[in-house]
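> Whatever this is, show me its structure:
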Amino acid sequence: MFKQPEQIFVNAGMVIAPLPGVVIPAQQIADVSNSLLLAQLSARAKYSLAAQQVERERACQTMLDNLYWIRLNEPYFALDGVQTLSIDAVVATQIGGLFTADVTAGFVALIASLKTSPPSERALAVWREQTVRPLHTEHLESTECPVPDRFQVCVKFALMGVGPVLHTLMLSFTTHTVLATDFLNQTLVTDPESKLVLQAYSYELSGRNYANLRGTVVKKLGDKPEQYVMPWACVQPPCQPPGLTKN
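Below you'll find the model as predicted:
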């Protein structure tokens with residue numbers, strides 16, 4: 001687990017932390033956070049429907065490309081026939097071929113820390129709103145207020161390295177299970193017609209090029225970081241993630 005869980009923070013639909021044992025300069029943390037936030041919010045604005053998850057993810061990656069994040073690796077695989085799953089078990093057993101050993105261990109440590117560090121109500125609300133989308137199947141005409149019976153879940157985690165280098169992991173699936181408040185280790189029943197998708201990316205930022213865009217990114221975001229970026233768990237205020245006031 002992370003020795004300093006206060007370094008874990010929510011960025012819209014992502015949970016981000018430095019690689020264990022790595023010290024990231026404040027400006028690099030700000031560049032990573034602002035880039036990811038702009039990419040997520042712009043993609044969601046273009047593709048807001050739950051069923052548009054694939055298009056939303058492509059738009060997010062395109063924005064990161066435009067911000068000079070260079071893709072180093074992007075392995076992907078989808079598993080058919082997964083009847084039940086828990087996110088912590090998937091991370092522990094399925095991502096070994098997606099990253100180097102130290103990055104894989106970092107993601108396992110991140111999930112372990114999330115399970116033992118309860119999120120603040122605000123962080124959980126922001127993260128879930130971006131992560132879990134209700135889906136409505138067809139109902140009888142007499143049903144005035146249909147209740148969602150399926151949920152599209154797209155969970156993203158990210159680890160930062162010096163450079164900055166960024167590693168992201170996405171798990172996407174559809175479930176019929178009503179998700180608990182903290183569903184990271186909940187056993188979920190998956191939709192038999194859906195797949196468990198795992199998408200990994202590793203990036204390196206072209207710092208010289210991004211420096212020319214930094215001010216524009218900050219201006220476009222406005223006060224959005226105050227709304228969407230915060231520590232996963234906040235024990236003692238102030239609870240602003242390090243480096244996010246840099247510009």
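> so where's this structure shaky on pLDDT?
Scanning the chain for pLDDT under 70 picks out 1, 3-4, 136-148, 235-247.
> which stretches of it form helices?
Listed in chain order, the helices of the chain (DSSP state H) span 26-46, 53-66, 87-94, 101-116, 121-131, 207-211, 214-221, 224-228.
> Show residues contacting the fourth one.
The reference is to helix 101-116. Contacting residues not belonging to helix 101-116 are listed as 1-2, 5, 8, 15, 17, 19-20, 87-88, 91-92, 95-96, 98-99, 157, 159, 167, 169, 182, 184-185, 202, 232 [CB atoms under 8 Å, 6 or more residues apart in numbering]. Bear in mind the C-beta positions are built from the backbone N, C-alpha and C, glycine included.
> In that helix, which residues are buried?
With burial defined by 16 or more other CB atoms under 10 Å, the residues of helix 101-116 counted as buried are 103-104, 106-114.
> So what's the gap between it and the chain middle?
The chain centre lies 14 Å from the centre of helix 101-116; the measure is CA atoms, centre = their mean, to the nearest Å.
> what's the answer for the third one, then?
In terms of CA atoms, centre = their mean, the centre of helix 87-94 is found 15 Å from the chain centre.
> what comes up buried for it?
Here helix 87-94 shows 87-88, 90-91, 94 as buried, counting by 16+ other CB under 10 Å.
> Let me have these in a markdown table, adding distance to residue 31 as columns.
Below are the buried residues of helix 87-94 laid out as a markdown table (distance: CB to CB, whole Å):
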| residue | distance to residue 31 |
| --- | --- |
| 87 | 28 |
| 88 | 30 |
| 90 | 29 |
| 91 | 26 |
| 94 | 30 |
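> quick one: which of those residues is nearest residue 121?
residue 87 (20.4 Å; CB to CB).
> I'd say that closest one and residue 180 touch.
No - here residue 87 lies out of contact with residue 180, judged by CB atoms under 8 Å, at a distance of 11.6 Å.
> and which of the buried residues of helix 101-116 is nearest residue 190?
residue 111 (18.8 Å).
> how far away is the closest one from residue 94?
Distance of residue 111 to residue 94, given as CB to CB, to the nearest Å: 12 Å.
> same question, residue 158
18 Å.
> got it, and residue 7?
25 Å.
> what sits against the closest residue to residue 133 other than its chain neighbours?
Sequence neighbours aside, residue 50 is the residue nearest to residue 133 in space, at 3.5 Å (criterion: CB to CB, 6 or more residues apart in numbering). Residues near residue 50 by CB under 8 Å, 6+ apart: 133-135, 152.
> Can you say which of those are buried?
133, 135, 152.
> could the residues you listed go into a markdown table alongside distance to residue 72?
Below are the buried ones among the contacts of residue 50 laid out as a markdown table (distance: CB to CB, whole Å):
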| residue | distance to residue 72 |
| --- | --- |
| 133 | 30 |
| 135 | 34 |
| 152 | 28 |
